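sequence first, predicted model second:
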Amino acid sequence: MKKKYILSLLLLTSSLFAQEKLDLSSTKNIYLLEGTIDNKYPITMRLTIEENTQKVNGQYYYNNNNIPIYFGESVLSENSILTLKEFTNIYPDTYNNSNSTGEFTGTLDKKMVFKGIWSNGEKSFDFEVKPNKAQIVQEIQIKKYSFKDSFNTDPESPAFDFAEETFQIANPKKLAGINKINKELGIINELNADYSYWKENPDELRPHNMVFDDSYEFVYRDNTILSINNMMYYYGGGAHGISDYSPVVYSLDSGEILNEKVSDLVYSIEDKKLVALLRKKLIEQMKERYSDEDNSDEEIKQGYFDFETIRLNDHYEVAASGISFVYNQYEIASYAAGIIIVPFTYEELKPFVKKDSKLYYLFE
């Protein structure tokens, strides 16, 4: 995958880092588990475990609706006991006992079999989840490398802060498609031209930090595709930094990227019904985000640069629940609007999808 470096600021110069060593900051292992609650409700679970701290988080969904339910952060005990509180909201600052919808408590053994009791305070059921050996992707490792420098030893001195992750899929069968993906996602761009400029111009850059952070997020997998997000943040001075959210969908068979063009997915981005559905979702999302029920649709439209020109773009992610289109900062609205993600269920989008699309099987 060719990473999308923001504003072409990150021109690679491998020689710059020949004398500096990136530190391995953390290693996270992602395990993809399947099983049941009460031996009759099929679920799919993702657990992310940080090696050094044994901190655990993740999510799960019931296979009959594919709606994600999130886990608050927990710690795997020395005797392999794990308690995970579940929440319908993804944001960590809402994780507290008052809005938890239930919890999983049990043992997580070395073979990644997690079993015990699920309870919501009123009902309790046995549960068990474990790796599904029929799935190509069962385990993923994300390693974070970092480098920091400052003009002097003063802790308040502006710093250059660089962090980047590699994403590697366990591939015991040495499949060619997985090897290709791992090769692309395992590259560390050791440094960039900004570090040299920052180092050589202390008087100009002393008032602020320079920050670059590149990370990955797992979204979805089946035996045909792997869907991940590449998230980047860059700050080089000014009022604020710039974030970039790039979904990537890989073919597990060939290793090729399947979501580079929306024209490969839908018949036409100009379809009137599709455009109307997209714009309706954008209006509803803005109202929900700002609790803006009092304003008319026409007033809400003013929150976008040019509402009447918005179409589906080439940035879209594939999840268990459907396909979401991603608009990065400044694409269709101001910086304050943030990254805008517009979800479609498979049922909603199906009438507009090409039957010869490599992703059409998801809609059947």
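Everything's here; your move.

got phi/psi on E347?
Dihedral pair for E347: phi -70, psi -40, per degrees, to the nearest 10.

for it, what are its contacts?
Contacts here follow C-beta atoms under 8 Å, 6 or more residues apart in numbering; on that basis E347 touches nothing. In short, each C-beta sits where N, CA and C put it, glycine included.

tell me the SS of the residue nearest to N52 when sequence neighbours are not counted?
Take N52 and drop its neighbours on the chain: the residue closest to it by C-beta to C-beta, 6 or more residues apart in numbering is S26, 6.5 Å away. The assignment at S26 comes out as strand when based on DSSP: H, G, I helix; E, B strand; the rest coil.

bridging residues for Y304?
Applying DSSP bridges to Y304 yields these beta-bridge partners: A333.

next, count neighbours for it.
Using other C-beta atoms under 10 Å, Y304 has 21 neighbouring residues.

shouldn't it be in contact with L282?
Yes - between Y304 and L282 there is a contact at 7.0 Å, judged by C-beta atoms under 8 Å.

give me the common contacts of those two.
Any residue near both Y304 and L282 by C-beta under 8 Å, 6+ apart counts here, and that gives I310.

do you have the strands of the stretch 101-250 of the chain handy? List them.
102-108, 114-119, 124-131, 139-150, 159-169, 210-221, 225-235, 242-251 (DSSP state E, counting those that start in this stretch).

may I have stretch 320-327 as CSV, with CA atoms only?
This file holds the C-alpha atoms of stretch 320-327, laid out as CSV (Å, rounded to 0.1, in the frame of the first residue of the first chain):
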residue,chain,number,x,y,z
ALA,A,320,-19.4,-6.5,9.3
SER,A,321,-22.4,-4.1,9.5
GLY,A,322,-22.0,-2.4,6.1
ILE,A,323,-19.9,0.0,4.1
SER,A,324,-18.9,3.5,5.3
PHE,A,325,-17.7,6.4,3.2
VAL,A,326,-15.0,8.6,4.7
TYR,A,327,-14.5,12.3,4.1
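
mind listing residues that contact that stretch?
Here stretch 320-327 has contacts from 44, 61, 65-68, 220, 245-247, 262, 265, 278, 312-313, 315-317, 333, 339-346, 348-349, 362, using C-beta under 8 Å, 6+ apart.

please apply the same query to stretch 57-72.
When contacts are defined by C-beta under 8 Å, 6+ apart, stretch 57-72 is touched by residues 30, 41-48, 56, 73-74, 84-90, 92, 95, 100-101, 129, 319-322.

so which bits of that stretch are buried?
Buried residues in stretch 57-72, counted by 16 or more other C-beta atoms under 10 Å: 57-61, 68-72.

neighbours around T83, how many?
16.

part of a strand, is it?
Yes - assignment of T83 by three-state DSSP places it within a strand.

dump the residue contacts of it.
Counting by C-beta under 8 Å, 6+ apart, T83 touches 74, 103-105.

mind running it again at 7 Å?
T83 makes contacts with 74, 103, 105, as judged by C-beta atoms under 7 Å, 6 or more residues apart in numbering.

what pLDDT is listed against it?
Looking at T83, its pLDDT reads 97.

ok, now L16?
So, for L16, pLDDT stands at 42.

with Y290 instead?
At Y290, the model reports a pLDDT of 71.

with the one 3 residues further on instead?
Each residue has a pLDDT score; the one for E293 is 63.

what's the answer for L22, then?
Per-residue confidence for L22 comes out at a pLDDT of 80.

name the SS class of Q285, please.
Secondary structure for Q285, judged by three-state DSSP, is helix.

now do the contacts for the residue nearest to N52.
S26 makes contact with 50, 52, 144 under the criterion C-beta under 7 Å, 6+ apart.

who wins for most neighbours among those?
K144 (20 neighbours).

buried residues, stretch 117-127. List them.
Applying a neighbour-count criterion of 16+ other C-beta under 10 Å, one finds 118, 127 buried in stretch 117-127.

end to end, how far does it reach?
Across its full length, stretch 117-127 reaches 6 Å end to end, with C-alpha to C-alpha, to the nearest Å as the criterion.

ditto for stretch 32-51
Terminal residues of stretch 32-51 lie 16 Å apart, using C-alpha to C-alpha.

how about it, which residues are buried there?
Judged by neighbour count (16+ other C-beta under 10 Å), stretch 32-51 contains these buried residues: 32-37, 43-50.

with stretch 335-350 instead?
Judged by neighbour count (16+ other C-beta under 10 Å), stretch 335-350 contains these buried residues: 337, 340, 342, 344, 346, 349.

could you give the mean pLDDT of that stretch?
If you average the per-residue pLDDT over stretch 335-350, you get 95.

how far off centre is that stretch?
Taking C-alpha atoms, centre = their mean, to the nearest Å, one finds stretch 335-350 lying 14 Å from the centre of the chain it belongs to.

just the C-alphas of that stretch, formatted as CSV.
Below are the C-alpha coordinates for stretch 335-350, written out as CSV (Å, rounded to 0.1, in the frame of the first residue of the first chain):
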residue,chain,number,x,y,z
TYR,A,335,-11.8,21.5,10.1
ALA,A,336,-14.2,21.8,13.0
ALA,A,337,-16.5,19.2,11.4
GLY,A,338,-13.7,16.7,11.7
ILE,A,339,-13.5,13.4,9.8
ILE,A,340,-17.0,12.6,8.5
ILE,A,341,-17.9,9.0,8.2
VAL,A,342,-21.2,8.0,6.5
PRO,A,343,-22.4,4.4,7.1
PHE,A,344,-24.6,2.4,4.7
THR,A,345,-26.0,-1.0,5.5
TYR,A,346,-25.5,-3.6,2.9
GLU,A,347,-29.3,-3.6,2.3
GLU,A,348,-29.3,0.2,1.7
LEU,A,349,-26.4,0.2,-0.8
LYS,A,350,-27.2,-3.1,-2.6
